[in-house]
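Undergrad: Would you be able to build a 3D model of this:
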Amino acid sequence: MAENKTQIEIEKARAYFYQLKLADCYNILRRYFDRLPFKPEKGHAEFIGMFARVLSELGKKNELNFYMVELEKLEARMDSPEITYQLAMVYVNSEPPKIKMAAALLEKLITKGDIGEYEAKAKMTLAYCYDSTSKNIEAIRELIFTIGPVEDQSVRNLLETWKAKVYRDEGKFAQSQAILDTLLASLKPDADWYSYFTAKIISIGLYRDWGKEDLARKILLETLSLSKEKPLKTVKRQLEFIQSTFADEKTSSPLVFRIAKNKRVLSFRDQSIEIDESRPIEKLTSLILTQKRLTKEEIIEALFSRNYSQLDDSTIYYQIHGVKKFLKKLGLSNPKLEKSGPYYEFKGEVQLLEENL
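TA: Prediction:
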């Protein structure tokens, strides 16, 4: 009888979460997770991601740290995939986030095949860890596109947002847009706010990377307005950060590329990096900044001294993403390297200086 009552209550919490009634959701899940140190249950693993997000959005990080300590104690004495999974989820949401520690736990679970029904959530969380650290698109793609069938609609929605993000980061903008358009046509912020705002944030990045900045700004402002009166601290922080990068670019300094016979140095504001053209990504960076635009054929010829074939597309996406990542190391928040017809074109400002270094 008590178990039935508990199940009814936590299903209420699930509904409250997606309806954005986070205080009501918190009240139920707080009582449920108070049992965790004494009586860990399978349901705790199912709801830990939700509870961690509620604590984050409501600004209750201290409580999250309490559960982290308790889970660490349990994980030290119990060989339980559910406990390990929960600890990884709490590490990701802690303040500050313990991304590498979470990734190590999730890698262990996924490699051992111990994750069972939490495969989709675990792989998406590990993809988040990789995206936050190495930006390894190939590893992220492998995780996301090997997730099997998912029954839970809200989890399927999040999986679709991840697929859209992978396509976006690979430069496959039309494929990313198609997924997001289909998803947003069915999502409502008062029915599944988490997937809705995630899809919106990915859309902003998509149109920005695609060179459609006016549309990206429009979506940003609409999403900021919608989130304004809602208890969504982390969502607002993400959107405000994106807004600040847009504002920062209005007063952005140009890239300065100093070229000498045996040395090339790229600078942005107070940061400088020496280009090593023996590395393909850095060689491509040098080429695209000096020539401003290159075709696929020119990229393959320059990097690998052979003719282009369609099999090279994934290699080119990887190299272009590497150039963007390299430029971001300088502090350039939005490298304006875009696909324009048959060309990859750098549309930012570059000052080329030939000098004796």
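Undergrad: For the residue lying closest to G348 once chain neighbours are set aside, what are phi and psi?
TA: Counting by Cβ to Cβ, 6 or more residues apart in numbering, G348 lies nearest to K336, which is 4.3 Å off, once chain neighbours are set aside. Backbone N, C-alpha and C define where each C-beta goes, glycine included. Note on K336: backbone dihedrals following degrees, to the nearest 10 are phi -90, psi 60.
Undergrad: Kindly report the same for T295.
TA: Taking degrees, to the nearest 10, you get phi -80, psi 170 for the backbone angles of T295.
Undergrad: And F346, by the same measure?
TA: Dihedral angles of F346 (phi, psi; degrees, to the nearest 10) stand at phi -90, psi 120.
Undergrad: Show me what it is bridged to.
TA: L337 (DSSP bridges).
Undergrad: hmm, back to that, residues in contact with the residue nearest to G348?
TA: K336 is in contact with G211, F346, K347, G348, counting by Cβ atoms under 8 Å, 6 or more residues apart in numbering.
Undergrad: List of residues touching stretch 131-147?
TA: 97, 99-100, 103, 119-120, 123-124, 126-127, 130, 159, 162-163, 165-166, 169-170, 317-318, 321, 325.
Undergrad: I should have written stretch 45-52 there, sorry.
TA: When contacts are defined by Cβ under 8 Å, 6+ apart, stretch 45-52 is touched by residues 10, 13-14, 17, 25, 29, 32-33, 64, 67, 82-83, 85-86, 89-90, 92-93, 118, 121, 125.
Undergrad: re the thing from before, now restrict the contacts of stretch 131-147 to buried residues only.
TA: For those, a burial check counting by 16 or more other Cβ atoms under 10 Å picks out 99, 103, 119-120, 123-124, 126-127, 130, 159, 162-163, 165-166, 169-170, 317-318, 321.
Undergrad: and whatever helix or strand E222 lives in, what does it pack onto?
TA: According to DSSP states H and E, E222 maps onto helix 213-227. Judged by 3 or more Cβ pairs under 8 Å, 6 or more residues apart in numbering; DSSP states H and E, helix 213-227 is in contact with helix 193-209, helix 233-250.
Undergrad: For that helix, buried residues please.
TA: Those would be E213, A216, R217, I219, L220, T223, L224, L226, S227, for helix 213-227 by 16+ other Cβ under 10 Å.
Undergrad: next one: stretch 75-86
TA: Neighbour counts using 16+ other Cβ under 10 Å place E75, S80, P81, E82, I83, T84, Y85, Q86 of stretch 75-86 among the buried residues.
Undergrad: what about stretch 229-238, start to end distance?
TA: For stretch 229-238, the first-to-last residue distance is 15 Å (Cα to Cα, to the nearest Å).
Undergrad: what's the closest of the buried residues of helix 213-227 to L330?
TA: Closest approach between those and L330, by Cβ to Cβ: E213, at 20.1 Å.
Undergrad: pLDDT value on that closest one, please?
TA: Confidence at E213, expressed as pLDDT, is 83.
Undergrad: quick one on the thing from earlier: and the helix holding E222, how far out from the chain middle?
TA: Put simply, helix 213-227 sits 18 Å off its chain's centre (Cα atoms, centre = their mean, to the nearest Å).
Undergrad: Next, the angle helix 193-209 makes with that helix.
TA: Counting by axes from the mean of the first three to the mean of the last three Cα atoms, to 10 degrees, helix 213-227 lies at 160 degrees to helix 193-209.
Undergrad: CA atoms of helix 213-227 as CSV?
TA: Extracted C-alpha coordinates of helix 213-227, given in CSV (Å, rounded to 0.1, in the frame of the first residue of the first chain):
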residue,chain,number,x,y,z
GLU,A,213,22.3,36.0,-37.2
ASP,A,214,19.1,38.1,-37.4
LEU,A,215,17.0,35.0,-37.0
ALA,A,216,19.3,33.7,-34.2
ARG,A,217,18.8,37.1,-32.3
LYS,A,218,15.1,37.0,-32.9
ILE,A,219,14.8,33.5,-31.4
LEU,A,220,17.1,34.5,-28.5
LEU,A,221,14.9,37.5,-27.6
GLU,A,222,11.7,35.5,-27.8
THR,A,223,13.1,32.8,-25.7
LEU,A,224,14.5,35.2,-23.1
SER,A,225,11.1,36.9,-22.9
LEU,A,226,9.3,33.6,-22.4
SER,A,227,11.7,32.5,-19.7
